[in-house]
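>>> Sharing a model that was predicted from the sequence below.
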Amino acid sequence: MSLDKPYTDVPGTTIFDADMSRMGYHLNQFCMSLMKAENRARFKANERAYLDEWPMSEEQKQAVLDRDLNRCIALGGNIYFLAKIGATDGKSFQQMAGSMTGMTEEQYRDMMVKGGRSPEGNRYTGEKK
Amino acid sequence: MAKISASVFTSHVPAIGAALDLGKTGEDYWKPVFAGYDFAKQWEKEQKPDVVFLVFNDHATAFSLEMIPTFAIGTAAEYQPADEGWGPRPVPKVIGHPRLAAHIAQSVIQDDFDLTIVNKMDVDHGLTVPLSLIFGQVDAWPCPVIPFAVNVVQYPVPSGRRCFMLGKAIRKAIESYDEPLNVQIWGTGGMSHQLQGPRAGLINREWDNMFLDKLINDPEGLSKVPHIDYVREAGSEGIELVMWLIARGAMSDVNETKKGNAPTVRHRFYHVPASNTAVGHLILENN
Ligand SMILES: [Fe+2]
């Protein structure tokens, strides 16, 4: 019997469930390692070499190097873990969240100040706006 | 005997902690957020709780993917504010209440909730931002705190129903403790927000206010709302709101033993935005 996953038709949203977590285990644990200042320094000095210490897939490593957070999430990354990369880069949570929306930093900030993204048209994939 | 006198609900947005720590509270962007907490600071000076039972979630800080406890109770003597990648927040260390925490663990586990017991844990913004908002910028927190961490990071997270029932078990535990303590229970996190993917930035005022209304008037009904509704309506990270049902379940009107009347709403506040998030705050006093 397959498990009930009613959350696969929410547009622009990946739910970090046990399956995603299994896929992203090493990616997320790499992110976790950046909680230590000495690891942040080593990562910044040579990102590729640091990533190669982790049994991550080549796709996951490339997504990190590209700072492509949407890709990281598709490959099992979770935003609270990925935020450690942002912290290493000196980025705020708002900058990170905005980077996944296709908007500029300013556009995203303006949208939030005006009340955020409306749920209208954003509840189901393929829903008419 | 110990008593739960009130429940306090609040968002725990990390940017609020940063605004406090960097002295930005007077900026136009932040002023309306902090104004929403003036009442709570005054009210707490009168309430003088002996202990706060603080329901929050860890955000990949103390718990990595090595271990993911669904419900974890802190039984330690103290907890350090965590370094979340920007250095630890400059706030006082958190003093625990090991004796009451151990009593609650004993009681709640025997009531069929399989808690994880944690004797060493750094506490992140999920716990320290609410303390700053409700107690202000102080040299020492005015009372001991029992941290209670809920997994809302990896699905499936506990259901609203389960959280509500757990609140009842926590109430039973606290009210059977043999010291006359004034205990508050806080539920934190939310309100609507989504931090990931192309839908990041989602805010739903209507749903948030429905949630506040039902939390006050129909918590039983609210507890039956399935996860998918939180995700669709309040964003993927809006799921944190299930934690508010733990604190609500500990109020006297929804419990059979020493049943009380509906709580008094002492304060209600809602504001958009703080960074990516809708800020909600509620104070309910037991009757
Ligand atoms: Fe949170």
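Cool, got the structure. Bear in mind the structure is a predicted one, so any value in this text is a computation, not a measurement.
>>> In contact with the closest residue in space to residue A:109 that isn't next to it in sequence, which residues?
Of all residues not flanking residue A:109 in the chain, residue A:94 sits nearest, at 6.6 Å (Cβ to Cβ, 6 or more residues apart in numbering or on different chains). No exception for glycine: its C-beta is placed from N, CA and C like everyone else's. Contacts for residue A:94 (Cβ atoms under 8 Å, 6 or more residues apart in numbering or on different chains) come out as A:108-109, A:112, B:15, B:275-276.
>>> can you name the two of those that are farthest apart?
Maximum pairwise distance among the contacts of residue A:94 (Cβ to Cβ): 13.8 Å, between A:108 and B:15.
>>> Residue B:167 touches residue B:249, doesn't it?
Yes: the pair residue B:167 / residue B:249 is scored as a contact, 2.2 Å apart, by Cβ atoms under 8 Å.
>>> Specify the local secondary structure of residue B:197.
What DSSP: H, G, I helix; E, B strand; the rest coil gives for residue B:197 is coil.
>>> and it, how many neighbours does it have?
Using other Cβ atoms under 10 Å in any protein chain shown, the number of residues around residue B:197 comes to 22.
>>> list the contacts for the residue nearest the centre of chain A?
Most central in chain A under Cα atoms, centre = their mean is residue A:69, positioned 3.9 Å from the mean C-alpha point. Contact analysis of residue A:69 by Cβ under 8 Å, 6+ apart lists A:77, A:79, A:82, A:96, A:99-100, B:196.
>>> Would you mind putting those residues into TSV with distance to residue B:222, neighbour count and secondary structure alongside?
What follows is these, written out as TSV (distance: Cβ to Cβ, whole Å; neighbours: other Cβ atoms under 10 Å in any protein chain shown; DSSP: H, G, I helix; E, B strand; the rest coil):
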residue	distance to residue B:222	neighbour count	secondary structure
A:77	32	27	coil
A:79	26	26	helix
A:82	31	25	helix
A:96	31	22	helix
A:99	34	19	helix
A:100	30	25	coil
B:196	25	27	coil
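>>> sorry, back to before: kindly confirm my reading that the residue nearest to residue A:109 forms part of a strand.
No: applying three-state DSSP, one finds residue A:94 to be helix, outside a strand.
>>> measure it to residue B:84 for me?
Taking Cβ to Cβ, to the nearest Å as the measure, residue A:94 falls 15 Å from residue B:84.
>>> What of residue B:98?
25 Å.
>>> same question, residue B:168
33 Å.
>>> Also residue B:28?
According to Cβ to Cβ, residue B:28 and residue B:84 sit 26 Å apart.
>>> more neighbours, the two?
Counted by other Cβ under 10 Å, residue B:28 and residue B:84 do not tie: residue B:84 has more neighbours, with 22 against 6.
>>> And the pLDDT at the more buried one?
Note on residue B:84: pLDDT of 88.
>>> Over to the one 4 residues further on?
For residue B:88, the pLDDT comes out at 93.
>>> Can you say which helix or strand has it in it?
Using DSSP states H and E, residue B:88 sits in no helix or strand.
>>> Would you mind measuring from it to residue B:105?
The value you get for residue B:88 to residue B:105, if Cβ to Cβ is used, is 27 Å.
>>> ditto for residue B:233
In terms of Cβ to Cβ, residue B:233 sits 34 Å off from residue B:105.
>>> same deal with residue A:123?
40 Å.
>>> tell me, how many neighbours does residue B:129 end up with?
Residues near residue B:129, counting by other Cβ under 10 Å: 26.
>>> Check the contacts of residue A:69 and tell me the two furthest apart.
Maximum distance among the contacts of residue A:69 (Cβ to Cβ): 13.3 Å, for A:77 and A:99.
>>> so where do the strands sit in chain B?
Taking DSSP state E as the criterion, chain B carries its strands at B:3-10, B:51-56, B:71-74, B:78-79, B:94-95, B:116-118, B:145-150, B:182-188, B:264-274, B:277-285.
>>> Would you mind putting those into a markdown table with distance to chain A and mean pLDDT alongside?
Converted to a markdown table, those look like this (distance: least, Cβ to the nearest Cβ, whole Å; pLDDT from 0 to 100):
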| stretch | distance to chain A | mean pLDDT |
| --- | --- | --- |
| strand B:3-10 | 18 | 98 |
| strand B:51-56 | 13 | 98 |
| strand B:71-74 | 16 | 98 |
| strand B:78-79 | 16 | 98 |
| strand B:94-95 | 19 | 98 |
| strand B:116-118 | 17 | 98 |
| strand B:145-150 | 13 | 98 |
| strand B:182-188 | 15 | 98 |
| strand B:264-274 | 5 | 98 |
| strand B:277-285 | 7 | 98 |
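>>> will you turn those strands into CSV that also has mean neighbour count?
Putting those into CSV (neighbours: other Cβ atoms under 10 Å in any protein chain shown) gives the following:
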stretch, mean neighbour count
strand B:3-10, 23
strand B:51-56, 27
strand B:71-74, 23
strand B:78-79, 17
strand B:94-95, 20
strand B:116-118, 17
strand B:145-150, 26
strand B:182-188, 26
strand B:264-274, 18
strand B:277-285, 25
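>>> Distance to residue A:11 for the ones you listed - can I get that in TSV?
Conversion of the strands of chain B to TSV gives the following (distance: least, Cβ to Cβ, whole Å):
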stretch	distance to residue A:11
strand B:3-10	29
strand B:51-56	29
strand B:71-74	31
strand B:78-79	39
strand B:94-95	39
strand B:116-118	35
strand B:145-150	27
strand B:182-188	28
strand B:264-274	21
strand B:277-285	20
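>>> can you tell which of those is closest to residue A:45?
Among these, strand B:78-79 comes nearest to residue A:45, with 32.8 Å by Cβ to Cβ.
>>> Just want to know which of residue A:123 and residue B:105 has more residues nearby.
Between residue A:123 and residue B:105, counted using other Cβ under 10 Å, the more crowded position is residue B:105 (20 against 16).
>>> Tell me how many other residues surround residue B:138.
12.
>>> tell me the contacts of it?
Neighbour list for residue B:138: residue B:92 [criterion: Cβ under 8 Å, 6+ apart].
>>> Do you know the pLDDT at the nearest residue to residue A:61 once chain neighbours are set aside?
Distance criterion Cβ to Cβ, 6+ apart; nearest residue to residue A:61, sequence neighbours excluded, is residue A:51 at 4.5 Å. Looking at residue A:51, its pLDDT reads 98.
>>> these two touch, right, residue A:51 and residue A:65?
Yes: if you go by Cβ under 8 Å, residue A:51 and residue A:65 touch, sitting 7.3 Å apart.
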